[in-house]
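Participant: Quick one, structure for this:
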Amino acid sequence: MPEEGEPIIDHLVKKYGPAAKQRFNDPNSSMKESGRAVGIEFTNNRRVLNTIRAHTLIEYVKKDLDKNEKANAIMENLYQRYFERGENINSVELLQEVARESGQVEVPAEVIEDTKRHDEVRAQDLRVKRGGVHGVPFFIIEQNNGGQPVSFSGAYPPAFIAEQLIDACGSDDSNKE
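Facilitator: Below is the predicted model:
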C-alpha cells in the first residue's frame, strides 16, 4: 500500500470486481443504512490507508500507558475522522492530535513510527487472523451451556447482537410460567 493510500473505490473494484462500485455508491446499502441507524454518515470520499501507525498508537496507549479507556476514546475519534470525514489516519500529525484531543495523552512521533512496534502489531494481527478473525468488529460469544461459541464479523443491528447474547445465556421462554 503506498504511503498516501489509494482511493477506496479503486481498491474495492480491484478486490471485489466492478459490481463493488455500484454497491459502494448505493446510498441505501446495508452498511450505510446500519450506520445511519446509529448516527454514522459514511463518506465515500476516503482512501484505503495503511493503518499500522494508528494500530501502533492504540497499542502504545493501551499497553505502555495502561490507559484502555483513553485508547477506546482515541479509536472512536479515529473511526469518525476516517469513516465520516475521510481524513488520513496514517498521518503522524493527525494521530498525535487525536491522542491529545481524545485521550489527553502526548505520544511522541518516534513511538508511532517505531518499526519494532509495527512488527509487534503485525505479529498480533497474524495471530488473530490464524484464529479466524478477518474483519472488524469481530465478536466471539461463549455459550453458558458450554456449547460451541458463536462468532461473527461485521456491523450488525443491536437487536441481532442482543439475540445472540440471549441465546448464549441459555434463556428459554418456554420454561416461564
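
Participant: ok, residue 161 - contacts?
Facilitator: Residue 161 makes contact with residue 139, according to Cβ atoms under 8 Å, 6 or more residues apart in numbering. Where C-beta positions appear, they are placed from N, C-alpha and C, glycine not excepted.

Participant: rerun that using 10 Å as the cut-off
Facilitator: Counting by Cβ atoms under 10 Å, 6 or more residues apart in numbering, residue 161 makes contact with 137, 139, 141, 152, 155.

Participant: Could you pick out the buried ones from the residues you listed?
Facilitator: Buried residues within the contacts of residue 161, counting neighbours by 16 or more other Cβ atoms under 10 Å: residue 155.

Participant: Just give the closest residue to the residue sitting nearest the centre point of the chain, not the sequence neighbours.
Facilitator: Of all residues in the chain, the one closest to the mean position by Cα atoms, centre = their mean is residue 136, 4.8 Å from it. Once flanking residues are discounted, residue 136 sits nearest to residue 153: 7.2 Å by Cβ to Cβ, 6 or more residues apart in numbering.

Participant: Just read off the phi/psi values of that neighbour.
Facilitator: In terms of degrees, to the nearest 10, the main-chain angles of residue 153 are phi -120, psi 140.

Participant: helix, strand or coil for residue 66?
Facilitator: Put simply, residue 66 is coil when judged by DSSP: H, G, I helix; E, B strand; the rest coil.

Participant: Could you check the pLDDT of it?
Facilitator: Per-residue pLDDT puts residue 66 at 89.

Participant: Next, count neighbours for the residue nearest to residue 136.
Facilitator: Residue 153 has 13 neighbours, counted by other Cβ atoms under 10 Å.

Participant: Repeat that for residue 68.
Facilitator: When neighbours are counted by other Cβ under 10 Å, residue 68 registers 12.

Participant: give the contact list for the closest residue to it other than its chain neighbours.
Facilitator: Residue nearest to residue 68 in three dimensions, not counting chain neighbours: residue 62, with 5.3 Å by Cβ to Cβ, 6+ apart. If you count contacts by Cβ under 10 Å, 6+ apart, residue 62 has them with 68, 69, 70, 71, 72, 74, 75.

Participant: If we only consider those, which is nearest to residue 12?
Facilitator: Closest approach between these and residue 12, by Cβ to Cβ: residue 75, at 23.1 Å.

Participant: Tell me how many other residues surround the closest one.
Facilitator: 19.

Participant: what does residue 24 give?
Facilitator: Neighbours of residue 24 using other Cβ under 10 Å come to 18.

Participant: what pLDDT does it get?
Facilitator: pLDDT at residue 24 comes out at 92.
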